[in-house]
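> sequence plus predicted model, see below.
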Amino acid sequence: RDTIIKFGLGYAKDEWNDLCDYLKEKGFTEDEIVAAGLAVKNDKGHVYDKFRNRLMFPIINVRGSVVAFGGRALGDDPAKYMNSPETPVFHKGRNVFNLNMAKQFGQKEGLILVEGYMDVASLYQSGICNAIAGLGTAFTPEQAQLLRRYASRIYVSYDSDGPGQAAALKAVDILSDAGNKVKVVRFSGAKDPDEYIQKKGAESFRECINNAAGAVEFKIMRLRKDYDLTDVEGKVAFVTEASKILSGIENQIEREAYIKRIAAETDISSAAIQTEINKLIYQAGKKTARGELYAEKRQDAREASAIQAEAVQNTATYKAERMLLNVIFFQRKAYEFAREELSGDLFAGVENRKIYEAMTAYKSENAEANASGFLSYIEPSLKEKAAAILYREYECDSVQAAKDMIKKLKGELMNSRIKQLAREGKAEEVNALIQKYTERRG
């Protein structure tokens, strides 16, 4: 009963118009009910309940407002789970089930990402209260960014079958790209955490969490299953694919540890593996997309074309710049840190750089952060962009966020130099710069 009350579970009757009739009695129109995602209108214009004969889970956003519903079939409906459609107040890719309750545990214990609502409820009922779930669709970068604000670490605990592990692999990449620290929970003898808890209990599941594998470890373990390491061709194929994974590791010490382990497993020298990784890094640097996202030289970025500026706006780096500007404007400690570490040249977006320069000038004269005052101070052409950046304050560890984003911008500056050298065919200079960069990151 505690679980039912805590999650606000309910029941949708096995009837066509039960909810519609009830809401009409409350004064709502059919169009409003359809717009809320609670009813469906067919081709003939008939409106009927969307959820029928289902166990209902309210989907509550991080602020505690019910924005949608998920329904689990109680009969033989082939659609086991059904969620509300996109509505004016609900976007699947921007919400996470149970984050409203689990967020309080995120910084201390981390969050456990599972696939289903029943997994979350089962873990909660067993005393594990930091579980969350996606909303029936592929995990998104927006969800990863949301979790980054509330969790010190994410434990991915998807179903143990093939599709579940494939989905876990994608989620790991998305979470890592967003800056999350990620581990993958491994368990056997059950399809999902719900079934595992029922069979082996909460303490056994906690052991699985304690023994969770790191993101790189998980990828290499999955890869290892696909190849016969007693066969020469299998060894070569495994090392080739593993090198692709290792080429994405920025920490040189971590990369070297994996290189040594793989060398010992395959009897292929560390030097050969390192050479393959260097080749992959170089090739990645040579690939340039049409419409370069950054001006070829940062010193010329002020004169970058409008097309280039628009392209920059669509990048994760541009979003990081905007969040950084928000944090250092509203949070004094973050601003003091940024004054020592940040320069305008690190901004790829020309307008963001101008806003930063105006912001530092304004804050040198005004100790207190006042968005309206700043918007009156800044030049009119930048006012709209600045307003979009400062319309709300981010809830996060502001100093750590500033550190992370400045680190990202410095890395992007280094990457742009590597790409430029790669386009010019200067392989030796690229390798030297990569070595210098990985040593600094390590």
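Noted; the coordinates are in hand.
> what does the closest residue in space to Lys260 that isn't next to it in sequence show for phi and psi?
Closest residue to Lys260 apart from its sequence neighbours, by C-beta to C-beta, 6 or more residues apart in numbering: Ser270 at 5.9 Å. Just so you know, the C-beta spots here come from the backbone N, C-alpha and C atoms, and that holds for glycine as well. Dihedral pair for Ser270: phi -60, psi -40, per degrees, to the nearest 10.
> longest helix of this structure?
helix 398-423 (DSSP state H).
> what is the burial count for the residue nearest to Lys260?
14 (other C-beta atoms under 10 Å).
> so it is in contact with Arg261, correct?
No: judged on C-beta atoms under 8 Å, Ser270 makes no contact with Arg261 at a distance of 9.8 Å.
> rewinding a little: counting contacts, what elements does the longest helix of the chain pack onto?
The contact analysis (3 or more C-beta pairs under 8 Å, 6 or more residues apart in numbering; DSSP states H and E) places helix 398-423 against helix 270-286, helix 316-330, helix 332-341, helix 427-441.
> what residues sit buried inside it?
398-399, 401-402, 404-406, 408-410, 412-422 (16 or more other C-beta atoms under 10 Å).
> what mean pLDDT does it get?
The average pLDDT for helix 398-423 rounds to 80.
> ok, stretch 426-441 next?
pLDDT averaged over stretch 426-441 gives 66.
> and for stretch 54-65?
So the average pLDDT for stretch 54-65 ends up being 95.
> and the contacts of it?
Stretch 54-65 is contacted from outside by 7-12, 66-74, 77, 82-84, 89-90, 95-100, 103, 117, 135, 146, 150, using C-beta atoms under 8 Å, 6 or more residues apart in numbering.
> from those, which ones fall inside helices?
Per DSSP H, the subset of the contacts of stretch 54-65 in helices is 7, 99-100, 117, 146, 150.
> and stretch 99-107, how far apart are its ends?
Taking C-alpha to C-alpha, to the nearest Å, stretch 99-107 runs 13 Å from one end to the other.
> run the chain-centre distance for that stretch.
Relative to its parent chain, stretch 99-107 has a centroid offset of 16 Å by C-alpha atoms, centre = their mean, to the nearest Å.
> if you count neighbours, what's buried in it?
Those would be 99-103, 105-106, for stretch 99-107 by 16+ other C-beta under 10 Å.
> for Ala257, see how far away the residue nearest to Lys260 is.
Remark: distance between Ser270 and Ala257 (C-beta to C-beta, to the nearest Å) = 11 Å.
> and if you look at Gly10?
Applying C-beta to C-beta, the value for Gly10 to Ala257 is 50 Å.
> check Gln274 too.
In this view, Gln274 and Ala257 are 13 Å apart by C-beta to C-beta.
> same check on Leu55?
Distance, Leu55 to Ala257, by C-beta to C-beta: 47 Å.
> and the two? Which one has more around it.
With neighbours defined as other C-beta under 10 Å, Leu55 and Ala257 compare such that Leu55 has more, 19 against 13.
> pull the distance from the helix or strand the more buried one falls within to the chain's centre.
Assigned by DSSP states H and E, Leu55 belongs to strand 54-60. On the basis of C-alpha atoms, centre = their mean, strand 54-60 is displaced by 24 Å from the centre of the chain it belongs to.
> cool, stretch 168-188 as well?
Using C-alpha atoms, centre = their mean, the offset of stretch 168-188 from its chain centre is 9 Å.
> need the distance between the two termini of it.
Span of stretch 168-188 from end to end, C-alpha to C-alpha: 15 Å.
> give me the residues contacting that stretch.
112-113, 138-141, 143-145, 147-148, 151-158, 160, 193, 196, 205, 208-209, 211-215, 217-219, 222, 316, 404, 408.
> narrow those residues to those that are buried.
Buried, going by 16+ other C-beta under 10 Å: 112-113, 139-140, 143-145, 147-148, 151, 153-158, 160, 193, 196, 205, 208-209, 212-213, 215, 218-219, 222, 404, 408, out of those.
> mind checking which of those residues are in helices?
Short answer: these in helices (DSSP H) are 143-145, 147-148, 193, 196, 205, 208-209, 215, 218-219, 222, 404, 408.
> can you say which two of the residues you listed are spatially most distant?
Tyr196 and Lys408 (36.8 Å; C-beta to C-beta).
> low-confidence stretches in the chain?
Along the chain, segments meeting pLDDT under 70 span 282-315, 367, 369, 430, 433-442.
> which residue lies nearest the spatial centre of it?
Nearest to the mean C-alpha position of the chain, counting by C-alpha atoms, centre = their mean, stands Ala144 at 2.0 Å.
> gap between it and Arg186?
Counting by C-beta to C-beta - Ala144 and Arg186 are separated by 21 Å.
> what sits against Ala326?
One correction, residue 326 is Asn, not Ala. 389-390, 392-394.
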